[in-house]
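**Student:** Using only what follows, build the 3D model:
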Amino acid sequence: MKKYILPALGLLALAPTAALAQDDATKRFEHEGATYSYTVTKVGDTRVISGVEERTGKPFTLRVGQHRVRGTVGSQQVSFALRDVEPLVKPAATLASR
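**Tutor:** Okay, the predicted model is just below:
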């Protein structure tokens with residue numbers, strides 16, 4: 001279960017930026033070798049993050065409230081406090097130079 005919650009936590013770190021942009025375009029990130037694609041929508045006061053792990057096709061839906069996150073990853077129910085969310089560590093980008 002920890003294998004699924006950690007990527008979900010990373011999504012939450014990205015979600016505020018996506019929600020502020022009001023952009024329903026599909027976004028992607030990679031975590032521990034798995035690639036996830038997702039969209040963020042706002043329903044009332046709740047952000048809804050819906051997506052899929054691309055290799056396995058396992059869907060996830062997370063509803064982010066003011067203090068709590070609830071949802072499903074595959075068929076597994078998840079629920080955790082928003083304060084427990086930790087951002088994904090982004091690797092340094094290497095830029096080409098001429």
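
**Student:** Count the residues that sit near residue 42.
**Tutor:** 13 (other Cβ atoms under 10 Å). From N, CA and C alone the C-beta is placed, and that goes for glycine too.

**Student:** which element is it on?
**Tutor:** strand 34-43 (DSSP states H and E).

**Student:** can you pull the buried residues of that strand?
**Tutor:** For strand 34-43, burial by neighbour count (16 or more other Cβ atoms under 10 Å) applies to 36, 38, 40.

**Student:** Could you list every helix and strand that that strand packs against?
**Tutor:** helix 2-21, strand 27-31, strand 46-53 (3 or more Cβ pairs under 8 Å, 6 or more residues apart in numbering; DSSP states H and E).

**Student:** List the buried residues in stretch 43-60.
**Tutor:** 47-51, 53, 58, 60.

**Student:** what's the average pLDDT for that stretch?
**Tutor:** The predicted model assigns stretch 43-60 a mean pLDDT of 92.

**Student:** pull the helix or strand with minimum mean pLDDT from this structure.
**Tutor:** helix 2-21 (a mean of 52; mean pLDDT, DSSP states H and E).

**Student:** Can you check the pLDDT for the closest residue to residue 30 other than its chain neighbours?
**Tutor:** In space, and not counting its chain neighbours, residue 30 is closest to residue 36: 7.5 Å by Cβ to Cβ, 6 or more residues apart in numbering. Note for residue 36: predicted pLDDT of 89.

**Student:** beta partners for residue 36?
**Tutor:** residue 29, residue 53 (DSSP bridges).

**Student:** Now do it against residue 68, distance only.
**Tutor:** Distance, residue 36 to residue 68, by Cβ to Cβ, to the nearest Å: 21 Å.

**Student:** picking that back up, residue 87: which of the buried residues of stretch 43-60 is nearest?
**Tutor:** residue 49 (14.5 Å; Cβ to Cβ).

**Student:** May I have the beta-bridge partners of that closest one?
**Tutor:** Under the criterion used (DSSP bridges), residue 49 bridges to residue 40, residue 62.

**Student:** Hmm, it is touching residue 38, no?
**Tutor:** Yes - checked against Cβ atoms under 8 Å, the pair residue 49 and residue 38 is within contact range at 5.6 Å.
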